[in-house]
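Chemist: model the following, please.
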Amino acid sequence: QVFPSQDPLDRADFNAVEYINALFPTEQSLANIDEVVNKIRLKIRRLDDNIRTVVRGQTNVGQDGRQALEEAQKAIQQLFGKIKDIKDKAEKSEQMVKEITRDIKQLDHAKRHLTTSITTLNHLHMLAGGVDSLEAMTRRRQYGEVANLLQGVVNVLEHFNKYMGIPQIRQLSERVKAAQNELGQQILADFEEAFPSQGTKRTGGPSNVLRDACLVANVLDPRIKQEIIKKFIKQHLSEYLVLFQENQDVAWLDKIDRRYAWIKRQLVDYEEKYGRMFPPEWCMTERIAVEFCHVTRAELSKIMRTRAKEIEVKLLLFAIQRTTNFEGLLAKRFSGCTLADGTVKKPEVPPPSTNPFLEDETGAETDEIVIEKSDTDKPKKPKVPDNPFHGIVSKCFEPHLYVYIESQDKNLGELIDRFVADFKAQGPPKPNVDEGGAVLPSCADLFVYYKKCMVQCSQLSTGEPMIALTTIFQKYLREYAWKILSGNLPKTTSSSGGLTITSLLKEKEGSEVAKFTLEELCLICSILSTAEYCLATTQQLEEKLKEKVDASLMERINLTGEMDTFSIVISNSIQLLVQDLDAACDPALTAMSKMQWQNVEHVGDQSPYVTSVILHIKQNVPIIRDNLASTRKYFTQFCIKFANSFIPKFINHLFKCKPISMVGAEQLLLDTHSLKMVLLDLPSIGSQVVRKAPASYTKIVVKGMTRAEMILKVVMAPHEPPVVFVDNYIKLLADCSTDTFQKILDMKGLKRSEQSSMLDLFRQRLPAPPPGGDSTGSLSLSAPTPEQESSRIRKLEKLIKKRL
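Modeler: Numbering: from 1, shown residues only. Now for the predicted structure:
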């Protein structure tokens, strides 16, 4: 690494054989061997010379190193000596500086002490003179000069806190405290004289003396200021307590306006007469208003407890409305800085709402709630902070809000009864295929009323009354679901005697099926759409209630049960639509199972029963699809449920077609393929706009109808030799149930003796069940892949074309 070289001889992995082979690769190259040997010997001699030179050059290295070490030691000794000399000189210099500055430091201390002494003496002179002047001005009631002087004296006295051990200083401090106490008592006496506690008329009034006295009270003990404020406000509101005593007519709720009109006049009168007497930072106007609110709340609570039986809903709402209006007026006029907490948060402007359910409360009584599918995913509107005066008076009405809740309970009960009566009088909604299934108007009316009640109650209280109102909402949501929606769903009957839908599913030859009329189908779709509207709106109602109620009560609001109720109505509506179409197809399937398939001589067009099924589908599905245009997901559910109901029933009827000839099986195969194509096109059948069917629905149809086609292919297969037939059955049908195999043998028309041997062979050929699997005799094989199904479908189409 230090001396890089390209010479092969210098490599760590040098190989002599490879090196020689490189020098003499062929026999002809051996002719130069002498020349090569001479070069190598020359190189060796040079290396020897270099080695000797280096060895000789190293003979004197040890002596030179010792000499260099000795010189370095001598240099270090010299350096150490110089450092020691420098240190000695530095110490001498430091001592010299101290001697020079000793006198200067004494002078500095003397100057600082002298300055402090002069300052202290000046403060002492100011304090002594200030105390004398303060006592003299106090006796002469010169409050204007006292206010400024007292503050200065107090500030100067703070400089003598560390000198309180000196008798003269302690005596001055006691004189200041005595002067402050005397000022406080004197100012209180002056206010008592100017505004006596007893008597209906004020003998005194505002004066410059009292105004200056208030400035002095700012400097005195805060209790003096509080006492002045308390006495003045009490004297100012004494007339109010007399005028609105509990036994006076004006004290009742119907004349509550007079209370607020009185305080408005008093505040105006105060501003005119006493506005300049008190300092602005005392906020006397606001303090009078706040004390009035506390007194009013106590008086109203007392009188409402006494006359609780006389409280009516209209009277209560009138009083609450006037009170909340007054509280709003206070919030506009005052900042709320005098309330108990002493701090008022500045209301923050919330960001604009993106949820249409959260409309401005001013339009809550008239605006209808608009629901969109994406509303539930949008962010909530944050609460707007209440004004600081909210509830300062209206809190007294909360214990009596049960009257309002009971009234809303009664009103909602009457509203539901009116909805029921209107539905019976007007009948079901008229079919309106162009606009899709219409939501019942009563639904929107109910939620508009709910919103009006919620906003109104939240203005009255955000506590327990909101929980009580939520309970009322839950009660009538359930009643609406059962009385208006479920109660008006058409009942499925037959024309021969009022059978239920379960009897329609029984196969009775010659029985007639009563289908729903066009109006009934539209009614079911309308109820389904209404239930979906109610479901989405109930979810938004729950979110809004949680925002209106106190945070501690938020967990008690839960409308999940009501949302489940509307989900049940939706499920029942879809099931009715499915049962109606399913029952309409039953006679055609019964006719299929009664046909003599062993006598079919040739394969023709699709059978009449297929045409009948297709006709029923084309009659019902377009109507349902158009009426559920606004709720596509529930139309998809209808299609899936119909496919899950119809296909197993079709396969069961297929097993009843026995015996079947080869030609009959081919005809059934053609019919099955026709039904499969119709079912795959079911979501868009009869529509001008062709839409691709949902993948979930297509998968169900392909899987179910392919099984029916495989059953027929197994029936068409020859049963000789038996081993091939059994293996073909297991491979195609992927069903190792002996019952299914028995049905296949019945469809082929085999004799019992042949079936017995076939069943024994089938049991022998069954694949072994997986470890830990079900060994009850029924084994389910893996379903064919979509590629296998597609291949079988193509083979089936070729077979049908060949037969035709």
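Chemist: secondary structure element for Ala261?
Modeler: Using DSSP states H and E, Ala261 falls within helix 256-274.
Chemist: where does pLDDT dip in the stretch 201-350 of the chain?
Modeler: Low-confidence segments of the stretch 201-350 of the chain, defined by pLDDT under 70: 201-208, 218-219, 221, 340-350.
Chemist: what do you get for the stretch 1-150 of the chain?
Modeler: Judged by pLDDT under 70, the stretch 1-150 of the chain has its weakly predicted residues at 1, 127-130, 134-135, 138, 140-150.
Chemist: go again using 90 as the cut-off
Modeler: 1-40, 43, 46-47, 50-71, 92, 94-150 (pLDDT under 90).
Chemist: that one: helices as residue ranges?
Modeler: Assignment of helices within the stretch 1-150 of the chain using DSSP state H, counting those that start in this stretch yields the ranges 16-23, 33-57, 61-140, 143-158.
Chemist: between the ones you listed, which one is nearest to Leu528?
Modeler: Ranking these by proximity to Leu528 (C-beta to C-beta) places helix 143-158 first, at 80.1 Å. To be clear about C-beta, it is placed using only N, CA and C from the backbone, and glycine gets the same treatment.
Chemist: one step back: please name every helix or strand in contact with the helix holding Ala261.
Modeler: helix 238-243, helix 284-306, helix 313-333 (3 or more C-beta pairs under 8 Å, 6 or more residues apart in numbering; DSSP states H and E).
Chemist: quick one: list the elements packing against the longest one.
Modeler: Contacting helix 284-306 under the criterion 3+ C-beta pairs under 8 Å, 6+ apart are the following elements: helix 222-236, helix 238-243, helix 256-274, helix 313-333.
Chemist: if we can go back for a sec, export the helices and strands packed on helix 256-274 to a markdown table and append columns for distance to Ile86 and mean neighbour count.
Modeler: Shown next, in a markdown table, are those (distance: least, C-beta to C-beta, whole Å; neighbours: other C-beta atoms under 10 Å):
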| stretch | distance to Ile86 | mean neighbour count |
| --- | --- | --- |
| helix 238-243 | 92 | 13 |
| helix 284-306 | 78 | 19 |
| helix 313-333 | 81 | 17 |
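Chemist: residue contacts, Val600?
Modeler: Ser661, Val663, Gly664, Gln667 (C-beta atoms under 8 Å, 6 or more residues apart in numbering).
Chemist: and it, what are its phi and psi?
Modeler: For Val600, the backbone dihedrals (degrees, to the nearest 10) come out as phi -70, psi 130.
Chemist: so what's it closest to, chain neighbours aside?
Modeler: Gly664 (4.1 Å; C-beta to C-beta, 6 or more residues apart in numbering).
Chemist: swap in Met164?
Modeler: Arg170 (5.4 Å).
Chemist: in which helix or strand does the one you found reside?
Modeler: helix 167-194.
Chemist: that helix to helix 222-236, inter-axis angle?
Modeler: Between the axes of helix 167-194 and helix 222-236, defined by axes from the mean of the first three to the mean of the last three C-alpha atoms, to 10 degrees, the angle is 10 degrees.
Chemist: is it true that Ser301 touches Cys396?
Modeler: Yes. Contact status for Ser301 versus Cys396: in contact at 4.3 Å, counting by C-beta atoms under 8 Å.
Chemist: which residues does stretch 554-570 contact?
Modeler: Residues contacting stretch 554-570 (C-beta under 8 Å, 6+ apart): 467, 470, 473-474, 477-478, 481-482, 485-486, 527-528, 531-532, 534-535, 538-539, 541-542, 545-546, 549, 634.
Chemist: coming back round to it: now render the helices and strands packed on helix 256-274 as a markdown table, adding distance to Arg223.
Modeler: Shown next, in a markdown table, are the helices and strands packed on helix 256-274 (distance: least, C-beta to C-beta, whole Å):
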| stretch | distance to Arg223 |
| --- | --- |
| helix 238-243 | 22 |
| helix 284-306 | 16 |
| helix 313-333 | 27 |
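Chemist: quick one: closest of the ones you listed to Ser687.
Modeler: When the helices and strands packed on helix 256-274 are compared by C-beta to C-beta, helix 313-333 sits nearest Ser687, at 53.2 Å.
Chemist: what's the closest one packed up against?
Modeler: helix 256-274, helix 284-306, helix 402-426, helix 441-460.
Chemist: re earlier: give the buried residues for the helix holding Arg170.
Modeler: Under the neighbour-count criterion of 16 or more other C-beta atoms under 10 Å, helix 167-194 has 169, 172-173, 175-176, 179-180, 183-184, 186-188, 190-191, 194 buried.
Chemist: just checking, Arg691 touches Ser684?
Modeler: Yes. Counting by C-beta under 8 Å, Ser684 is a contact partner of Arg691 at 5.0 Å.
Chemist: check contacts around the residue nearest to Thr285 when sequence neighbours are not counted.
Modeler: Among residues not flanking Thr285 along the chain, Leu267 sits closest, at 5.9 Å (C-beta to C-beta, 6+ apart). Leu267 sits next to Thr285, Ile288, Ala289 when contact means C-beta under 8 Å, 6+ apart.
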